[in-house]
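Asks: Give me coordinates for this.
(2 chains)
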Amino acid sequence: GEDVEQSLFLSVREGDSSVINCTYTDSSSTYLYWYKQEPGAGLQLLTYIFSNMDMKQDQRLTVLLNKKDKHLSLRIADTQTGDSAIYFCAESTGGFKTIFGAGTRLFVKA
Amino acid sequence: DTAVSQTPKYLVTQMGNDKSIKCEQNLGHDTMYWYKQDSKKFLKIMFSYNNKELIINETVPNRFSPKSPDKAHLNLHINSLELGDSAVYFCASSQAPGLAGGREETQYFGPGTRLLVL
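Replies: Alright, predicted model coming up:
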């Protein structure tokens, strides 16, 4: 079945890099997403990667996709306190259903 | 301009009551969703509608009944509320899935409705 797994917590110091990892099970996944949820708010798309890509960079964000291992990661360079939030990994197979992971809570210490 | 809006933002009610949550999107999207996020922040899809038609119903109790009067609205009515229904309910919308390019499948979330059943 479809499943997306992520570690629940990550703590880093301000200025360090954060790496949030995710594994998924559906090999037919077409798109993989990273969403960010700040306290009291809905989810907002951070970035996405198409399954035929290995890497995507967008300013401080780098997404790496290892399709063979079904592993996705999000690296945030120069992490700031404003990056503290829950980060959700999600996969879609091009249908009407997007499967979300449980979310990784990123704590940034000043 | 708010893209996906939900009302009410907070809802506190007694067990056994019936309540509705409304959702509207002004993005011109074809597909709308309801998600439930529990206290541990796990996000589970409940329903998906495409062009006013029900596409996904993820084994949600019959007490939950979605209604889509038009493509821009998806409301959620809950009968006989139970303690376990306490959660944050998020509405989302997206363009029709299956098109080329990940952006078209990006889901835009509303701010959430915090439901507390006493």
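
Asks: make it CA atoms for all contacts and neighbour counts henceforth
Replies: Fine.

Asks: Return the residues in contact with residue 13.
Replies: This is for chain A. Applying Cα atoms under 8 Å, 6 or more residues apart in numbering or on different chains, we find A:Arg13 in contact with A:Thr79, A:Val108, A:Lys109, A:Ala110.

Asks: Please refer instead to chain B.
Replies: B:Leu115, B:Leu116, B:Val117, B:Leu118.

Asks: Check B:Pro69 too.
Replies: Neighbours of B:Pro69 in contact, by Cα under 8 Å, 6+ apart: B:Lys52.

Asks: For it, what is the enclosing helix or strand?
Replies: According to DSSP states H and E, B:Pro69 maps onto strand B:64-70.

Asks: Pull out the C-alpha coordinates of that strand and format them as CSV.
Replies: Extracted C-alpha coordinates of strand B:64-70, given in CSV (Å, rounded to 0.1, in the frame of the first residue of the first chain):
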residue,chain,number,x,y,z
PHE,B,64,-19.7,13.0,8.0
SER,B,65,-21.4,14.2,4.8
PRO,B,66,-19.7,16.5,2.3
LYS,B,67,-21.6,18.7,-0.1
SER,B,68,-20.4,20.5,-3.1
PRO,B,69,-23.0,23.0,-4.4
ASP,B,70,-20.5,24.2,-7.0
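
Asks: Quick check: next helix or strand after it?
Replies: Following strand B:64-70 in sequence, per DSSP H and E, is strand B:73-78.

Asks: What parts of chain A come near chain B?
Replies: A:31, A:40-45, A:48-50, A:94-97, A:100-103 (Cα under 8 Å from any Cα of the partner chain).

Asks: so where is chain A shaky, pLDDT-wise?
Replies: For chain A, the stretches with pLDDT under 70 are A:1-2, A:94-95.

Asks: go with 90
Replies: Along chain A, the parts satisfying pLDDT under 90 run over A:1-3, A:25-31, A:40, A:50-53, A:91-99, A:110.

Asks: again with chain B
Replies: For chain B, residues meeting the criterion pLDDT under 90 lie at B:1-2, B:30, B:38-45, B:50-60, B:94-107.

Asks: and if we set it to 50?
Replies: For chain B, applying pLDDT under 50 flags the ranges B:100.

Asks: Spatially central, which residue of it would that be?
Replies: When Cα atoms, centre = their mean is applied to chain B, the residue found nearest the centroid is B:Trp34 (2.4 Å).

Asks: can you map out the strands along chain A?
Replies: Using DSSP state E, the strands of chain A run over residues A:4-6, A:9-13, A:18-24, A:31-37, A:43-50, A:55-58, A:61-66, A:71-76, A:85-92, A:98-100, A:104-109.

Asks: Am I right that B:Thr59 is in a strand?
Replies: No: with DSSP: H, G, I helix; E, B strand; the rest coil as the criterion, B:Thr59 is assigned coil and is not in a strand.

Asks: Residue 16 - how many residues pack around it?
Replies: Just going to use chain A. The tally of other residues near A:Asp16 (other Cα atoms under 10 Å in any protein chain shown) stands at 14.

Asks: I was after chain B.
Replies: When neighbours are counted by other Cα under 10 Å, B:Gly16 comes out with 14.

Asks: quick one, what contacts it?
Replies: If you count contacts by Cα under 8 Å, 6+ apart, B:Gly16 has them with B:Asn79, B:Ser80, B:Leu81, B:Glu82.

Asks: And it, which helix or strand is it part of?
Replies: B:Gly16 belongs to no helix or strand, assigned by DSSP H and E.

Asks: how much space between it and chain A?
Replies: 27 Å (Cα to the nearest Cα, to the nearest Å).
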